[in-house]
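Asker: would you be able to build a 3D model of this:
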Amino acid sequence: MKRRYFSFTALSLVLASGATMAQTKWDLPTAYPANNFHVENLSHFAQDVDKATGGKLKLTVHANASLFKANEIKRAVQGGQAQIGEILLANFENENPIYGTDGVPFLASSYADSKRLYDAQKPVLEKLLNAQGMKLLYTVPWPPQGIYTKKEIASVADLRGIKWRAYSPATAKVAELIGAQPVTIQAAELSQALATGVIESYMSSGSTGYDSKTYESLKYWYDTQAWLPKDAIIVNKKSFDALDPATQAAVTKAAAEAETRGWALSQEKNDWYKKALAEKGMKIMPPPAKLTADLKQVGDIMLSDWIKKAGPDGEAIIAAYRKSAPAAKK
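Answerer: Purely as a prediction, here's the structure:
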């Protein structure tokens, strides 16, 4: 009787252990607030994975840089501190120019062009991430970038000396070329930086302006449509490879659906954000001709510099992108 008791106990422990092992939990850090469309899309993705795997894989989304800061997330995923995460690719251009492909001003300034640039970049990006022990799941672009200012501007000369938010190497380079003072500020710190006067201007999407309540500090947004930087969802390769084939397939399928949904959502929200900013008192302005011409000069300089840094891979990406252009753009 005693022997049966211990056998039953051991069996119970094995079964309980098996049930625990059957469920895998991943942390998914992101730098943006829970109501941002990127994070809403992430949450949808996490729910899809949960449902498709019958609860075998659960993703916990940690919004607003609550688990890791924006510039820490890639390293956390690479090192396995977080199994999966969302990063702004352009943030890591100093590490490898390929990450900054979509941060070059006026290289791709529409959703259609941005998608063609992504298609050209993707094979090189996947190879780069794989070499660093990570796998690309999907990307979603931010809406086109414009310039937030306190006062009306007519040209780049009006921005000289201004305290300018830099959130990536590309935006820091823009500041350098236009004669502004770059100040590194991540999304989660933007509201406070504006309120305290740490920055006076910056270049970003309508989404960032709305989420950070920029309209409380700055009153103009110039819709320059300079570029559409992408967020990427990356996963630690060892963590992904440890999943059974059915779970891997479920994650891949949910990621493909999240990418399609996210690109459409970004485009839809672009108009919504501009309208919402206007309702909050911000003036949405078309860029004056001189400002556009000045910024395109900046873009030409940055593209030339980027191709030199990126080497053969960069040249191949630009060649493939230009080859895919509609006849009217060639």
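
Asker: what's the helix or strand residue 182 falls within packed up against?
Answerer: Assigned by DSSP states H and E, residue 182 belongs to strand 181-184. If contacts are counted by 3 or more C-beta pairs under 8 Å, 6 or more residues apart in numbering; DSSP states H and E, strand 181-184 sits against strand 163-166, helix 169-178. In short, each C-beta sits where N, CA and C put it, glycine included.

Asker: dump the ones you listed to a markdown table, plus mean neighbour count and mean pLDDT.
Answerer: As requested, the helices and strands packed on strand 181-184 are arranged in a markdown table below (neighbours: other C-beta atoms under 10 Å; pLDDT from 0 to 100):
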| stretch | mean neighbour count | mean pLDDT |
| --- | --- | --- |
| strand 163-166 | 22 | 96 |
| helix 169-178 | 21 | 94 |
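
Asker: now distance to residue 124 too, for these, in TSV please.
Answerer: Listed next are these as TSV, based on distance: least, C-beta to C-beta, whole Å:
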stretch	distance to residue 124
strand 163-166	25
helix 169-178	18
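
Asker: wait, which of those is closest to residue 49?
Answerer: Distances from residue 49 to each of those were compared using C-beta to C-beta; the minimum, 31.9 Å, belongs to helix 169-178.

Asker: what's the spacing between the closest one and its chain's center?
Answerer: 19 Å (C-alpha atoms, centre = their mean, to the nearest Å).

Asker: how about the strands in the stretch 201-330 of the chain?
Answerer: 201-204, 220-222, 230-236, 283-285 (DSSP state E, counting those that start in this stretch).

Asker: deepest of those, which one?
Answerer: The highest average neighbour count among the strands of the stretch 201-330 of the chain, using mean count of other C-beta atoms under 10 Å, belongs to strand 201-204 at a mean of 26.

Asker: poorly predicted segments of this structure, please.
Answerer: 1-21, 328-330 (pLDDT under 70).

Asker: give me the number of residues near residue 55?
Answerer: 12 (other C-beta atoms under 10 Å).

Asker: the one 10 residues further on too?
Answerer: The number of residues packed around residue 65, counting by other C-beta under 10 Å, is 20.

Asker: wait, is it part of a strand?
Answerer: No - per DSSP: H, G, I helix; E, B strand; the rest coil, residue 65 lies outside any strand segment and is coil.

Asker: I'd guessed it sits against residue 88; true?
Answerer: No - at 11.9 Å, residue 65 does not count as touching residue 88 under the criterion of C-beta atoms under 8 Å.

Asker: what do those two both touch?
Answerer: Between them, residue 65 and residue 88 share these contacting residues under C-beta atoms under 8 Å, 6 or more residues apart in numbering: residue 31.

Asker: can you add distance to residue 59 and give the strands of the stretch 201-330 of the chain back as TSV?
Answerer: TSV is the format used below for the strands of the stretch 201-330 of the chain (distance: least, C-beta to C-beta, whole Å):
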stretch	distance to residue 59
strand 201-204	27
strand 220-222	34
strand 230-236	10
strand 283-285	36
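
Asker: nearest to residue 289, of the helices and strands packed on strand 181-184?
Answerer: Nearest of the helices and strands packed on strand 181-184 (C-beta to C-beta): helix 169-178, 16.6 Å.

Asker: which outside residues touch that closest one?
Answerer: If you take C-beta under 8 Å, 6+ apart as the criterion, helix 169-178 is touched by 90-91, 93-94, 100, 103-105, 156, 159-160, 164-166, 180-182, 184, 202-203, 227, 229, 294, 298, 301-302, 305.

Asker: sort out which of those are buried, if you could.
Answerer: 90-91, 93, 100, 103-105, 156, 159, 164-166, 180, 182, 202-203, 227, 229, 294, 298, 302 (16 or more other C-beta atoms under 10 Å).

Asker: please name the bridge partners of the closest residue to residue 202 other than its chain neighbours.
Answerer: Closest residue to residue 202 apart from its sequence neighbours, by C-beta to C-beta, 6 or more residues apart in numbering: residue 165 at 3.4 Å. Legend: beta-bridge partners of residue 165 under DSSP bridges are residue 183, residue 202.

Asker: next, count neighbours for residue 310.
Answerer: 21.

Asker: from residue 253, how far out is it?
Answerer: Using C-beta to C-beta, to the nearest Å, one gets 32 Å for the distance from residue 310 to residue 253.

Asker: likewise for residue 218?
Answerer: Distance from residue 218 to residue 253, by C-beta to C-beta: 42 Å.
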